[in-house]
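A.B. asks: sequence plus the predicted model coming up.
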Amino acid sequence: MGETIQNYFEKTKQYPNYYSNEDFSTICDGIKKGIDKGVFLVKRKDETDLSVFEEKYGYTLPTEINDYINLFGHPCIRGYCNTKEFIVLFSVLKKEEDSSDDILFYENSLISMAKDWEKMDIDGEVENKPIANSLKELINNMNVNPNIRKKEENKCCL
């Protein structure tokens, strides 16, 4: 998973304004210094305790999601997986004065998204073929479109 995330952020480097509309003002200074220099992927020195998710929802998160959260601090991962599917994966950026576990509860983070999934009333049927067979495959197949900010409807930020 680490290599997959690194490859994604390498793709975004070719578009210098890719994160220009993000609000990074509330994140902790250690990560903010890197982001101010254009480094959007920061190796984590701590880990988030994901047991709260298991306690609340009754199952353990897959290793890929655990790695997505605990390997690096990074902005949200977003892109097109095909011509019509726009995907946004939550950011892993700790706010100043917060604990490593607090990132699970931010707006547009894992727990808030899980709550939204619980409330969803899906009309129609599930597609016959998923857009990816794993989180790694999903991220690897994302198209980092230089005009993504114009097409994006939902902004993901802290």
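C.D. replies: The structure has been received and is ready for your questions.

A.B. asks: Val88 should be in a helix, yeah?
C.D. replies: No: counting by DSSP: H, G, I helix; E, B strand; the rest coil, Val88 is not part of a helix but strand.

A.B. asks: surely it is in contact with Cys81?
C.D. replies: No: Val88 is beyond contact range of Cys81, at 11.3 Å (criterion: Cβ atoms under 8 Å). C-beta coordinates here come from the backbone N, C-alpha and C atoms, glycine included.

A.B. asks: can I get stretch 29-44 as CSV, trimmed to CA atoms?
C.D. replies: Output in CSV follows, covering the C-alpha atoms of stretch 29-44 (Å, rounded to 0.1, in the frame of the first residue of the first chain):
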residue,chain,number,x,y,z
ASP,A,29,2.9,22.4,12.2
GLY,A,30,5.1,19.4,11.5
ILE,A,31,3.0,18.3,8.5
LYS,A,32,2.2,21.9,7.5
LYS,A,33,5.8,22.7,7.0
GLY,A,34,6.1,19.8,4.5
ILE,A,35,2.9,20.8,2.7
ASP,A,36,4.1,24.4,2.4
LYS,A,37,7.2,23.1,0.6
GLY,A,38,4.9,21.0,-1.7
VAL,A,39,5.5,17.7,0.1
PHE,A,40,2.0,16.2,0.4
LEU,A,41,3.1,12.8,1.7
VAL,A,42,4.6,12.7,5.2
LYS,A,43,5.7,9.4,6.9
ARG,A,44,3.8,9.0,10.1
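
A.B. asks: now it: average pLDDT?
C.D. replies: Average pLDDT, stretch 29-44: 87.

A.B. asks: list of residues touching stretch 34-45?
C.D. replies: 5-6, 9, 12-13, 16, 19, 24, 27, 30-31, 70-75, 92, 100 (Cβ atoms under 8 Å, 6 or more residues apart in numbering).

A.B. asks: helices - which of these land there?
C.D. replies: Ile5, Gln6, Phe9, Thr12, Gly30, Ile31, Asn70 (DSSP state H).

A.B. asks: right, I'll leave it there.
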